[in-house]
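>>> need a 3D model of the following:
(chains A and B)
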Amino acid sequence: MYDIIIIGAGINGSFLAHELSKTECSVLVLDKNADVADGASMANSAIVHSGHDPKPGTLKCRLNVRGNRMYPDICKELGVMYKNCSAFVVATDEEESKVLDKLIGQSNERDIPCIEYDGDKARELEPNLSKNVIRAIELPTTGIIYPWEVAIALMEEAVMNGVELRLSEEVTGIKKSDDVFTVSTDKGNYESRYVLNVAGVYADKIYEMLIGEDPGFHITPRRGEYYVLDEMDKPPVSRVIYPVPGPNGKGVLVVPTVHGNTLLGPNSEPIEDKEANNTTADALSYVKKNVCKTVDNIPFDKIIRTFAGLRPSGDTGDFVIEESKVEGFINVACIESPGLASAPAIAEYVLTELMKGRWTFPAKVEYKHRKPVKVLAEMSDEDKNSLVKENPAYGEIVCRCRRVSKGEVLDVIRRPVGATTVKGVKKRIGPGMGRCQGGFCEPLIVEILASELGIAMEDVRYGSKDSYILMDRMGADASHGKEQP
Amino acid sequence: MREYEIVIIGGGSAGIAAAIAAYNKGCSDILILEKDKELGGILLQCIHNGFGLHRFKEELAGPAYAEKWVDMLKDTDVVVKTGTTVTHLTSDKKITYVNKDEGYVTVSAKAIIVSVGCRERARGNIATPGYRPSGVWSAGTAQKYINMQGYMVGKRVFILGSGDIGLIMARRMTLEGAKVLGVAELMPYSNGLPRNMKQCLEDFDIPLYLSHTVSDIRGKDRLTGITISRVDENLQPIAGTEIDFDVDTLLLSVGLIPDSALFEEAGIELHRKTKGPVVDEHLMTSLPGVFACGNGLHVHDLVDFVSMEGEEAGSSAAKYVLDKDYREACDKRSDGEGDDTLALVPGDGIGYVLPSKIHGSLMEDSLEIKMRVTRNDRKVKLVMKAGDKVIKSLNKPRIAPSEMEKMVVRKTELEGITGTVTLSVEA
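The predicted structure is shown next:
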């Protein structure tokens, strides 16, 4: 019997698990995916918004503003990337300019730094800003992260401190009797006193499993599609560029990433299928058309990837974060944008406010901290060389686009909540994210995974459990290549 | 810091040939840096025949062709470091490399030859919509799994792009028992060599869909199917022309791009069309003393031509090291175009011309100019002109974008010509 079961290992499940791991309570985290942060947390704009945009009085507003202030320290403590890149919201006509006035007002009320520029001054700071921009506001507290990197680091530390994580286990039923929840999965049954439902696009279905009736909130994913531009020394923009927000959210953005890539997107399209994260020609061309309204000279020949994510959008207009009508079952649902920016504040809100006095777990006396992943590309030559001397695998480059060594790949496989798939390695240390998109490195990563996990090459997966890569080992006659080591 | 006479980055067909040529011209302090465990580059996974017909007058498989070169290299004093990746190339000609034994090391060189090869365009580059399952690869990646690691990657296969690697993989997978359902080509003509069209598709009854592209990719885990559509004159899919295929594997052979990362870091000027560096008559880049050759310069049809270009670059680098007058003339010009600089530009029917410029006073007695045509045609002329003046004209019974055209021009023919020289296809 656990004290708490968390359903969902996305960014919010990870923040909750991490906070709880600081106390003496037993926690089990379940996720149907093969890795932490494989759903909405994997595919989004990766922005820690300042909090200028949400409607006043909402949880979205309060938690975004708070979350934005929490992120820099948290990322520093975890040893993950956070870049305070700043942002512009830009207006291209008088109508849009009025919206900026509203945002300035909101920012002032919320104590969010906000600077006003005319179009020319804004273009001085961001030379590729469209000639059509007549006015802009800057939100200097805006940041960018790799959401999955944060989630994985949080979960790693949580697991190091006693949290149990079961991946590739899909919840199939939830019951409560005699104050005990029984959560059934495709692999077993688990009991707990509390359940935190952080199941992303499936949170309504999970709650429905428990109560057997209409959950009262419904999640219709809104799909957002993106282009990724190659890393550049001088990316088209150095700040996040927002158009003025509209009825469908923050609009189509141009977003620098921590690694010098650029994201273009997203659109916003309601989709009934909770798994339909495919891209479409129409949405991608909509994205292309719209980014050109705010930014000129976008190098579309540098596109290296497209992707789509599903926002867990509810029908209440706000996050649904509450103890449900079943005592001890807490819904953390409908966490669409600004969900990522709010995530640390959501965990804080649930644990210190919503459930205040309901559970009292003493703080752990000794807390173990994770060792940050050693990223060679960010180290001095001296540090690199002492590392290679210690472990020659750090001198063997397997990913030439991102210059990732075999030593780094081994590290992210071997640590707690380590990578078990090609995509898992890609999320943690980058091979496959560069301009070759895995063309050169994937066969090497498959070999390393097979050898480290002690499995056959054919059993290595790209991401999900059915995403096989290789089929049969070819007969010695058939293979004119080299012998398998 | 150790200074070499010549450092060669990349020990594939271009790099090895460059090293041998430079050595034969009298350089003795030459280092090759190769990221793989052995020399040979992409040839090692090209186990099919067809290499060496031009250079050795015999037909060899890729590894055998590489072996011939490696054997020739063994007769020289060239130093080779394998398992060694170059991580940095700077504008002051410093190279940082890394391997297991030495760690990170920075060296300098009088001359540098960059022969790093190319990469395949991936699905993301062409932004094919749909899901992102496993089972979608560039053809060369599948080739590596099959020929180097010895694993089949799929049973029902479709191929997008009629580039040579795609065609060769169509045959390879068929011979291994897979069913190849078809090849789609965006353009109204094939991009592969005629012999590969015949030997890899026609001989196996694999249908070719010209003016088609993949418009959807299905499968949430492993690929389950694709849709192809006919494209209009703007190369956009036409609604209503969709054909579905149930396949577990989609291979992409949609073009090769020179690996330009090191050039970019060193601030070397890149060519708008080839995506490799801009070079002069000696294959020297915009950074004096840095030369480029092979598929890292521009993408070739045949490895024989890659080797020959490597030999050219090797000779040029040796000249730069050994011939003080030439070196000083190169260094002085830096970015400088002198009065003797001719710009070679593509005219009608030509995609690009290599080199992009000729320094009249520095050029050798003759020079082979390479150009890529943009259309299939018959009974045409390749014409080199300065203004209205025809410098040279070459009759061609047929031309095709898949086959590089060449024209040899003598120094004497360019005497008195200044400014811009245009190469074009004329009826």
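>>> and the helix or strand where residue B:63 lies, which residues are buried?
In this structure, residue B:63 sits in helix B:62-74 according to DSSP states H and E. For helix B:62-74, the buried set under the neighbour-count rule, 16 or more other CB atoms under 10 Å in any protein chain shown, comprises B:62-70, B:73. Every C-beta, even on glycine, is put in place using the N, C-alpha and C of the backbone.
>>> for these, which one is nearest chain A?
Taking CB to the nearest CB as the measure, chain A sits nearest to residue B:63 out of the buried residues of helix B:62-74, at 8.9 Å.
>>> which residue is the nearest non-sequential neighbour of that closest one?
residue B:44 (5.5 Å; CB to CB, 6 or more residues apart in numbering or on different chains).
>>> secondary structure class for the one you found?
helix (DSSP: H, G, I helix; E, B strand; the rest coil).
>>> go ahead and confirm it touches residue B:64.
No - Residue B:44 lies out of contact with residue B:64 (CB atoms under 8 Å); the separation is 10.6 Å.
>>> got a list of what the one residue in the stretch 201-350 of chain A that gets nearest to chain B touches?
For the stretch 201-350 of chain A and chain B, the shortest gap (CB to the nearest CB) falls at residue A:305, measuring 3.5 Å. Residue A:305 sits next to A:227-228, A:437, B:122-124 when contact means CB atoms under 8 Å, 6 or more residues apart in numbering or on different chains.
>>> gap between the two ends of stretch A:288-303?
By CA to CA, to the nearest Å, the extent of stretch A:288-303 from end to end equals 11 Å.
>>> try stretch A:74-91
33 Å.
>>> in stretch A:279-294, what's buried?
A:279-281, A:283-284, A:286-288, A:290-292, A:294.
>>> contact partners for residue A:468?
Counted by CB under 8 Å, 6+ apart, residue A:468 has contacts A:458, A:461-462, B:134, B:222.
>>> can you check residue A:426 too?
A:432-433, A:438, A:445.
>>> need phi/psi at it.
phi -60, psi -40 (degrees, to the nearest 10).
>>> got it, and the one 3 residues further on?
Summarising the backbone geometry of residue A:429 under the convention degrees, to the nearest 10, its torsions are phi -140, psi 0.
>>> isn't it up against residue A:406?
No - Residue A:429 is beyond contact range of residue A:406, at 10.6 Å (criterion: CB under 8 Å).
>>> the two: which has the busier surroundings?
Between residue A:429 and residue A:406, residue A:429 has the larger neighbour count (other CB atoms under 10 Å in any protein chain shown), namely 28 against 21.
>>> residue A:405 versus the more buried one, what's the distance?
Using CB to CB, to the nearest Å, we find residue A:429 at a distance of 9 Å from residue A:405.
>>> how far is the helix or strand residue A:428 falls within from where the chain is centred?
For residue A:428, the host element (DSSP H and E) is helix A:422-429. Chain-centre distance of helix A:422-429: 13 Å, with CA atoms, centre = their mean, to the nearest Å.
>>> put the alpha carbons of that helix into PDB.
What follows is helix A:422-429 as a C-alpha-only set of coordinates in PDB (Å, rounded to 0.1, in the frame of the first residue of the first chain):
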ATOM      1  CA  VAL A 422      16.500   5.600 -29.000                       C
ATOM      2  CA  LYS A 423      14.000   8.400 -28.400                       C
ATOM      3  CA  GLY A 424      14.900   8.300 -24.700                       C
ATOM      4  CA  VAL A 425      18.600   8.900 -25.500                       C
ATOM      5  CA  LYS A 426      17.600  11.700 -27.900                       C
ATOM      6  CA  LYS A 427      15.600  13.400 -25.200                       C
ATOM      7  CA  ARG A 428      18.300  13.200 -22.700                       C
ATOM      8  CA  ILE A 429      21.500  14.100 -24.600                       C
END
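>>> OK, contacts around residue 152?
Picking chain A for this. Here residue A:152 is in contact with A:14, A:35-37, A:417, A:427-428 (criterion: CB under 8 Å, 6+ apart).
>>> please refer instead to chain B.
A:470-472, A:474, B:146, B:173, B:176-178.
>>> need the buried ones from those residues selected in ChimeraX.
In ChimeraX syntax, the buried subset of those is picked out as below (16+ other CB under 10 Å):
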select /A:470,471,474 /B:146,173,176,178
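>>> tell me the confidence at residue A:483?
In this model, residue A:483 is scored at 41, pLDDT.
>>> tabulate the contacts of residue B:152 in JSON lines, adding columns for secondary structure and distance to residue B:260.
As requested, the contacts of residue B:152 are arranged in JSON lines below (DSSP: H, G, I helix; E, B strand; the rest coil; distance: CB to CB, whole Å):
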{"residue": "A:470", "secondary structure": "coil", "distance to residue B:260": "31"}
{"residue": "A:471", "secondary structure": "coil", "distance to residue B:260": "35"}
{"residue": "A:472", "secondary structure": "coil", "distance to residue B:260": "37"}
{"residue": "A:474", "secondary structure": "coil", "distance to residue B:260": "35"}
{"residue": "B:146", "secondary structure": "helix", "distance to residue B:260": "28"}
{"residue": "B:173", "secondary structure": "helix", "distance to residue B:260": "31"}
{"residue": "B:176", "secondary structure": "coil", "distance to residue B:260": "34"}
{"residue": "B:177", "secondary structure": "coil", "distance to residue B:260": "38"}
{"residue": "B:178", "secondary structure": "coil", "distance to residue B:260": "34"}
